[in-house]
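[1] the sequence and its predicted three-dimensional model are supplied below.
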Amino acid sequence: MEHLSVLFPSAFPALALAHFVALLSPGPDFFLLVGYAVRYRLRGSAGLCVGIAAGNGLYILLAIAGWGILRHAPLLFTLIELAGALYLLWIGSLLLRSRPPSLTDKEKPLSCPGVGKQVMLGLGSSLLNPKNALFYLALMTSLLGPTVTFLQQAISGIWMTSVVLVWDLVVVLCIGLPWIQSRLSRGIVWIERVAGGVLIAFACGVVLRFLF
């Protein structure tokens, strides 16, 4: 028990629970995953999971280092949010323009996006949402308190990054199950378009918040 208290802060259960509950709330990353997983399954979406988890991990590092850059630089925060809105508009437009596979396409092996492209898409989606940084900063400072050690912060950060990766992979694996795919096969293009529309709605919400 003493060894565990050295590795894990006393508030770790509360931290893990709060983080997982927040993870259950669908955001841009979730709809990006669904839009890709419904057509490409795990092979074309695993890199997205890695990129999203890496983006979360970088923001956790920012929180551990105690840099309140985004919190104390509203202009930078605004620029990143607007860049994120444009990024979501671009991805959403790609999903909206998706088309059902033709008879010829069905006879060909499905061409998945490269792993590098997947990782960069996921990383961009995660990093261009500065609310992730503020969430982790607030979560780790309010729950862990001032007496937490660097080792405990690091282990908490590794835990949260791993949970993001595992959860996203579980979502992708579930969507790729044969019986789920058989139910979704006729509506793949519409699911992609709905996911694209949701991403565009997220982006428009950011832009409208600055206009009004």
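    Yep, it's here.

[2] low-confidence ranges in the chain?
    Scanning the chain for pLDDT under 70 picks out the ranges 1-5, 66-73, 77, 98-111, 142, 145-146, 184-188, 212.

[3] change it to 50
    102-109 (pLDDT under 50).

[4] helices of that one, residue ranges please.
    For the chain, the helices defined by DSSP state H occupy 2-7, 12-24, 28-40, 46-65, 69-72, 74-96, 103-107, 115-127, 131-144, 150-175, 178-184, 188-211.

[5] can I get the ones you listed in JSON lines with mean neighbour count?
    From N, CA and C alone the C-beta is placed, and that goes for glycine too. Output for those, formatted as JSON lines (neighbours: other CB atoms under 10 Å):
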{"stretch": "helix 2-7", "mean neighbour count": "9"}
{"stretch": "helix 12-24", "mean neighbour count": "14"}
{"stretch": "helix 28-40", "mean neighbour count": "24"}
{"stretch": "helix 46-65", "mean neighbour count": "22"}
{"stretch": "helix 69-72", "mean neighbour count": "14"}
{"stretch": "helix 74-96", "mean neighbour count": "17"}
{"stretch": "helix 103-107", "mean neighbour count": "8"}
{"stretch": "helix 115-127", "mean neighbour count": "20"}
{"stretch": "helix 131-144", "mean neighbour count": "19"}
{"stretch": "helix 150-175", "mean neighbour count": "17"}
{"stretch": "helix 178-184", "mean neighbour count": "11"}
{"stretch": "helix 188-211", "mean neighbour count": "16"}
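
[6] surely Ala54 and Gly124 touch.
    No. With contact defined as CB atoms under 8 Å, Ala54 does not count as touching Gly124 (10.7 Å).

[7] who are the contact partners of the most centrally placed residue in the chain?
    The residue lying closest to the centre of the chain (CA atoms, centre = their mean) is Asp29, at 3.6 Å. By CB atoms under 8 Å, 6 or more residues apart in numbering, the residues touching Asp29 are 52, 122, 125-126, 129, 168.

[8] and it, how far from Leu95?
    Counting by CB to CB, to the nearest Å, the separation of Asp29 from Leu95 is 14 Å.

[9] isn't Tyr136 right up against Ile60?
    Yes. Taking contacts as CB under 8 Å, Tyr136 lies within contact range of Ile60: 5.1 Å.
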